[in-house]
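Undergrad: This is the structure alone, sequence omitted:
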């Protein structure tokens, strides 16, 4: 029996990039199947990012819809070498920043009025299913207690798997500033967790190393 070696990481990365470039080309042509494929790949990830960042399911849903509308509006103008994850997360993050600024202008106390679980939510969201696990819930509580700048850094790098350089580009800061932000975020998050909470600390180590 012939044994076929699995593709090398380099070959897998090249294949993934070729698929991504083909999707970008489809988006530029306004091919509906390309939109569908990108939506399937990123919708839940973007929702979870926005829900954890904002602490509100309703806000996350609104900003998620606007993120996809921005892609539809700008698809034909995408660069042929666009990397989709950084592009989408940059749009989502910037929309949240704009939302947060507008709320501050409308009500200086708005940040204290936004709850994590909006009342009257009839159907659990993907984010709620994920956070239902007890260890995940403790980690999520600790994440929500962090400053927004630290929270978004951890969400992008530890949860979404973006490189620090890519996360820096998404947030519009230098790679060195992102490294410093990540270091501070990890230290603050560790302090928020009870040192006796071994499962949560193990999960923390898994997502921040």
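TA: Received, thanks. Note that the structure is a prediction, hence the values are computed from the model and not measured.
Undergrad: Can you give the domain ranges for this structure?
TA: 12-107, 130-209 (automatic domain parsing).
Undergrad: Can you redo those domains as TSV, where the extra columns are distance to residue 6, mean pLDDT and mean neighbour count?
TA: For glycine as for every other residue, the C-beta is placed from the backbone atoms N, C-alpha and C. Converted to TSV, the domains of the chain look like this (distance: least, Cβ to Cβ, whole Å; pLDDT from 0 to 100; neighbours: other Cβ atoms under 10 Å):
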stretch	distance to residue 6	mean pLDDT	mean neighbour count
domain 12-107	8	91	16
domain 130-209	20	78	16
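Undergrad: give me phi/psi at the residue nearest the centre of the chain?
TA: The geometric centre of the chain, computed from its C-alpha atoms, lies nearest to residue 49 (Cα atoms, centre = their mean), at 3.5 Å. Main-chain dihedrals, residue 49, degrees, to the nearest 10: phi -60, psi -50.
Undergrad: Give the closest residue to it in space, chain neighbours not counted.
TA: residue 155 (5.6 Å; Cβ to Cβ, 6 or more residues apart in numbering).
Undergrad: if I pick the one you found, what's in contact with it?
TA: 49, 52, 53, 143 (Cβ atoms under 8 Å, 6 or more residues apart in numbering).
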